[in-house]
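**Q** What shape does this take:
(one chain, ligands or ions: 1)
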Amino acid sequence: MITLMNKADLLRGILFRNKGAIGGVLIISALLNVLLLAGSIYMMLVYDSALPSHSLPTLFGLFALVTLVYLFQGACDIQRSRMLIDIAATFDQRLTGAVHRAMTLLAQSGRTSSETMTPVNDVDQIRNFLSGPGPLGLIDLPWILFFLAILSMLHIWLGFTVLIGAIILALMTFLMDGVTNRRVAVITTMTGRRRAMIEGHRRHIDVIRALGMTQRMRGKWVDAGNHYLDVQGRMLAPMTTAQGVSRVSRQFLQSLVLTVGALLVIGQEATPGVIFASSILSARALAPLDQLIGSWRNFVGARQSWHRLNQIFNAMPAERCNDTQLPVPTQRIDLRSVAVTVPSTRVVVVQNASFAASAGAGIAVIGPSGSGKSSLIKGLVGIWPIAAGEFRLDGATPDQWTADELGRHTGYLPQDVDLLEGTVAENISRFDGAGDSTAVVRAAKLAGVHEMILQLPQGYDTPLGTDGLSLSGGQRQRVGLARAMYGDPFLLALDEPNSHLDGEGEAALVNAILEVRGRGGIVLVVTHRPTLLAAVDKMLVMGNGQPQMYGPRDEVMARMSGKERIAEQPQPPAANEAQASGDEKASA
Ligand SMILES: Nc1ncnc2c1ncn2[C@@H]1O[C@H](COP(=O)(O)OP(=O)(O)OP(=O)(O)O)[C@@H](O)[C@H]1O
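**A** The predicted structure is shown next:
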């Protein structure tokens, strides 16, 4: 697994860690290119010695020899392809961890799902290219000179003719590269968006069906598909033309070489065997270029993926590795003028948040919709960046722990609870393979979900998630609560944890919050309902992305009801405004 990314062309480093295998491929390629002469030599010997002498033993002897060479050549060819597949697989394996980290960071920074998937698609693209025929064209490219030298040894005119052909094909490849580059980038982006579109439809299939949008969504998908195919067809046209021209040019060149050979034979400057041998040799000489032109689109795609991956990896911050491990926080949290931003837009959604709480505190975060309650929670548990101000746990800023360490001290229940693919126990234990079942059951009991889990087909071992059992909204919320409480985190942040709960569930939740507070944890709970107020001792009122009031629960409630009473009294408009602005100042 890669931990430090700030290196120029990191991918090349990873690929060339396979030096042994790459060296093996180059050696086998050299051998194969030399063995490729066998066909031409055989033909020359048959025409120039076996045929004139009418010697059957010579013919059969030569045939046996060339058969052996072909068998060996076949074995080398298979071995070379296998080695390339292994190199591609190792390259992919070595990048897996880094790709996952890149995806996590891209998703955290608010990128779209197609952008987030880019590193995976790019590694796929490079691996497919490396394990396909594409690299063989590149590896065999220098061997064009070898075949040109042999052809020139047969006759300088033969070498010259093929050299001109090679230059024309190389020029075509060069020109095609300029045309292809931008087009392949456009097609790659469109392919990613198309995949994201169908994935979006899949995710929201229930809403699409229930609201009668199936035909409209299908129409959108078909339109997008038609547009994609139209653009792809237009963009790929020059490439297909170049491939066709390359194939015909190669055939033409072979006939041209044959003609030059025939002219040399007529002029008694070469033997008849030379005609056929040079025809085969010219085909071999130009094969790498032809192969490259054939797989040029994949080559350009892989090259772009390579650059994109390098850019992504180089932009990734080095993974934090704190030398000093801080103790588990147990005392307090402090916020001083904290501002939270949305990662994708960098819009500030919470500002001037200043308050403190000590061990055992329970804080209800209330306020109207869009007032910044969830955003504040996201900032405190490290999902969204704190752009200004300070948040400290026992005096330390969150970045003094690694994300995973901090995660162990934090419990978070989001508004939309997503359980991951795995069993109920795995989900509750946050996939901590080393975690003990007692802690899982304890967290489930605390969340009041133990009895419900026992009713599931396989109890705690029931698979959930993508292909597993789907739970109801309330069940999901309670399993999510157990997951948040697992490991007795110091800071427990619950975002509307009772939105799907019935009376019994709410009672269990109140008990759970009291239990956490009783053991010295701090609970922040966003709620629109008064039921949970029984479990807290403090209240934070949010409005317009800022705390409006903070203090002991009953005091804040009294101030709020006082405000309401003032607002209810009929007052002249000017007096009303003065009162409102005075209150805001006081609470701020
Ligand atoms: N993913 C997001 N991308 C951009 N802006 C967002 C995002 N989520 C929230 N916001 C913005 O942040 C502001 C605060 O939203 P937030 O969800 O924190 O409010 P809230 O008080 O929790 O609302 P509710 O009670 O409805 O959940 C809103 O103006 C909202 O438009």
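**Q** Let me see the domain layout of this structure.
**A** Structural domains annotated on the chain: 10-315, 332-419+485-587, as defined by automatic domain parsing.
**Q** among the ones you listed, which is nearest the ligand?
**A** domain 332-419+485-587 (3.3 Å; Cβ to the nearest ligand atom). For glycine as for every other residue, the C-beta is placed from the backbone atoms N, C-alpha and C.
**Q** State the mean pLDDT of the closest one.
**A** Averaged over domain 332-419+485-587, pLDDT sits at 84.
**Q** Start from the N-terminal end of the protein and give the strands.
**A** With strands called from DSSP state E, the chain shows them at 332-341, 348-358, 362-366, 386-393, 410-413, 422-423, 463-464, 491-495, 522-526, 538-543, 546-552.
**Q** Now these in a markdown table, please, with extra columns for mean neighbour count.
**A** Shown next, in a markdown table, are those (neighbours: other Cβ atoms under 10 Å):
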| stretch | mean neighbour count |
| --- | --- |
| strand 332-341 | 19 |
| strand 348-358 | 18 |
| strand 362-366 | 24 |
| strand 386-393 | 17 |
| strand 410-413 | 23 |
| strand 422-423 | 18 |
| strand 463-464 | 20 |
| strand 491-495 | 24 |
| strand 522-526 | 25 |
| strand 538-543 | 22 |
| strand 546-552 | 19 |
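**Q** which bits of the protein sit near the ligand?
**A** 342, 345, 349, 367, 369-375 (Cβ under 6 Å from any ligand atom).
**Q** neighbour-wise, which of those leads?
**A** residue 373 (26 neighbours; other Cβ atoms under 10 Å).
**Q** Quick check: the gap between that residue and residue 35.
**A** 73 Å (Cβ to Cβ, to the nearest Å).
**Q** burial measure for the closest residue to residue 165 other than its chain neighbours, as a count.
**A** Closest residue to residue 165 apart from its sequence neighbours, by Cβ to Cβ, 6 or more residues apart in numbering: residue 253 at 4.0 Å. Applying other Cβ under 10 Å, we find 22 residues neighbouring residue 253.
**Q** which residues does residue 253 contact?
**A** Residues in contact with residue 253 (Cβ atoms under 8 Å, 6 or more residues apart in numbering) are 161-162, 165, 282, 286.
**Q** Nearest to residue 29 among the residues you listed?
**A** Closest approach between the contacts of residue 253 and residue 29, by Cβ to Cβ: residue 286, at 16.7 Å.
**Q** ok, that closest one touching residue 251?
**A** No: if you go by Cβ atoms under 8 Å, residue 286 and residue 251 don't touch, sitting 10.4 Å apart.
**Q** And the helices in the stretch 1-150 of the chain?
**A** Under the criterion DSSP state H, counting those that start in this stretch, helices of the stretch 1-150 of the chain are mapped to 10-15, 19-35, 37-45, 51-53, 56-108, 113-116, 118-131, 134-140, 143-154.
**Q** Over to the stretch 251-400 of the chain?
**A** Using DSSP H, counting those that start in this stretch, helices in the stretch 251-400 of the chain cover 272-294, 296-315, 373-380.
**Q** so which of those is the most packed in?
**A** Across these, averaging neighbours per residue (mean count of other Cβ atoms under 10 Å) puts helix 373-380 on top, at a mean of 24.
**Q** Next, the angle from that helix to strand 348-358.
**A** 70 degrees (axes from the mean of the first three to the mean of the last three Cα atoms, to 10 degrees).
**Q** Could you find the closest non-adjacent residue to residue 475?
**A** Distance criterion Cβ to Cβ, 6+ apart; nearest residue to residue 475, sequence neighbours excluded, is residue 452 at 6.1 Å.
**Q** And for that neighbour, the neighbour number?
**A** Residue 452 has 18 nearby residues by other Cβ under 10 Å.
**Q** Next, work out how far apart it and residue 461 are.
**A** 15 Å.
**Q** what's near enough to touch residue 36?
**A** If a contact means Cβ under 8 Å, 6+ apart, then residue 36 has 73, 284 as its contacts.
**Q** quick one: it and residue 144, what's the gap?
**A** 12 Å.
**Q** now swap in residue 538 and tell me
**A** Distance from residue 538 to residue 144, by Cβ to Cβ: 78 Å.
**Q** got it, and residue 25?
**A** 18 Å.
**Q** wait, residue 239 sits on residue 297?
**A** Yes: here residue 239 reaches residue 297: they are 5.7 Å apart, a contact under Cβ under 8 Å.
**Q** what touches both of those two?
**A** Here residue 239 and residue 297 have residue 180 as joint contacts, going by Cβ under 8 Å, 6+ apart.
**Q** and residue 63, what is it in contact with?
**A** Counted by Cβ under 8 Å, 6+ apart, residue 63 has contacts residue 42.
**Q** Tell me the pLDDT of it.
**A** 91.
**Q** Can you tell me how far it is from residue 399?
**A** According to Cβ to Cβ, residue 63 and residue 399 sit 75 Å apart.
**Q** do residue 383 as well
**A** Per Cβ to Cβ, residue 383 is found 14 Å from residue 399.
**Q** quick one, which of those two is more surrounded?
**A** Neighbours per residue, other Cβ under 10 Å: of residue 383 and residue 399, the larger number sits with residue 383, 16 against 12.
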